[in-house]
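Novice: the sequence and its predicted three-dimensional model are supplied below.
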Amino acid sequence: MTQERRRLARALRQHVESLRAAGVSVLPLRRAAADDERTGRLAALAREVAACRRCPLYRGRTHAVISDGTPAARLVFVGEAPGRDEDLAGVPFVGAAGQLLTKMITAMGLARKDVYICNVLKDRPPQNRTPLPEEVEACLPFLEAQLEIVRPQVICALGAVATKALLGQSLGLMKMRGQVREWRGIPLVPTFHPAYLLRNPPAKRQAWEDLKLVKKLLSAVRGQQSGVR
Ligand code: URA
């Protein structure tokens, strides 16, 4: 090592030591690089989705609907499929159910921009019908790729379609909601779909219990992280 390199290495070490003494345990550069990498991989995936013809739903789409929010999210919400408003806007959960979801996120003390929102299907089924099993099968690899790239701390599955797609189980949402399941090592909480809550307002009380569970899981992960660092 040349003298100049040794001097630079010493200066860098001293700088890191002074940051550590000031309580900085994670260098933002590392986080920024990770965020850039995620953003790049998600953009590549979005291009693939936009060109997808794996099932006939592409014929009716105005826009493929991929995601909203941040790739650096600690929490991901997974819905069913875009509706008319989402197909026109190219953004998930912007219609009436979306407005309720936004309220639910705000009630949790978060903002839409702090979470990541996506769906099982990326194209709208005609007349908003329930996705067919073959459509879910064709589209699921995109959702799985999104979740693997974001790797959130908690996933909240909205409704039976998202819960079944991710867990492969169909016990019925009533039996599964409010419990902590797991998707590839990530805690997953199933809850009611906001569209169901619009039709059945009394179920909002149970949904709020589920969201409190999600909050508890997020706080527990944060507690573990500050304990280690
Ligand atoms: N319902 C969903 O499941 N997803 C949306 O994006 C909108 C409504």
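Specialist: Done, it's in.

Novice: if I look at the residue of the chain found nearest the ligand, how far off is His193?
Specialist: Residue nearest to the ligand within the chain: Gly79 (3.0 Å; CB to the nearest ligand atom). Just so you know, the C-beta spots here come from the backbone N, C-alpha and C atoms, and that holds for glycine as well. According to CB to CB, to the nearest Å, Gly79 stands 7 Å off from His193.

Novice: repeat that for Gly69.
Specialist: Distance from Gly69 to His193, by CB to CB: 18 Å.

Novice: and Ala39, helix, strand or coil?
Specialist: Careful, residue 39 is Thr and not Ala. The three-state assignment at Thr39 reads helix, by DSSP: H, G, I helix; E, B strand; the rest coil.

Novice: what about it, how many neighbours?
Specialist: Thr39 has 14 neighbours, counted by other CB atoms under 10 Å.

Novice: same thing with Ser170?
Specialist: For Ser170, the count of nearby residues is 11 (other CB under 10 Å).

Novice: repeat that for Arg53.
Specialist: When neighbours are defined as other CB under 10 Å, Arg53 has 9 of them.

Novice: what do you get for Lys215?
Specialist: 16.

Novice: next, the buried residues of the helix of greatest length in the chain.
Specialist: Longest helix in the chain, counting residues (DSSP state H): helix 204-228. For helix 204-228, burial by neighbour count (16 or more other CB atoms under 10 Å) applies to 204, 206-207, 210-211, 213-215, 217-218.

Novice: over to stretch 60-78?
Specialist: 61, 63-71, 73-78.

Novice: export only the CA atoms of it, formatted as PDB.
Specialist: C-alpha atoms of stretch 60-78 as PDB (Å, rounded to 0.1, in the frame of the first residue of the first chain):
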ATOM      1  CA  GLY A  60     -58.500  -5.200 -22.100                       C
ATOM      2  CA  ARG A  61     -55.900  -3.100 -20.300                       C
ATOM      3  CA  THR A  62     -55.400   0.600 -20.500                       C
ATOM      4  CA  HIS A  63     -52.400   0.300 -18.100                       C
ATOM      5  CA  ALA A  64     -50.800  -2.500 -16.300                       C
ATOM      6  CA  VAL A  65     -51.100  -1.600 -12.600                       C
ATOM      7  CA  ILE A  66     -47.900  -2.400 -10.800                       C
ATOM      8  CA  SER A  67     -47.400  -0.500  -7.600                       C
ATOM      9  CA  ASP A  68     -47.600   2.600  -5.500                       C
ATOM     10  CA  GLY A  69     -45.500   3.800  -2.600                       C
ATOM     11  CA  THR A  70     -41.800   3.200  -1.900                       C
ATOM     12  CA  PRO A  71     -39.600   0.200  -2.700                       C
ATOM     13  CA  ALA A  72     -37.900   0.900   0.700                       C
ATOM     14  CA  ALA A  73     -41.200   0.100   2.500                       C
ATOM     15  CA  ARG A  74     -41.300  -1.800   5.800                       C
ATOM     16  CA  LEU A  75     -44.900  -2.700   5.100                       C
ATOM     17  CA  VAL A  76     -46.500  -4.000   1.900                       C
ATOM     18  CA  PHE A  77     -50.200  -4.200   1.200                       C
ATOM     19  CA  VAL A  78     -51.300  -6.800  -1.400                       C
END
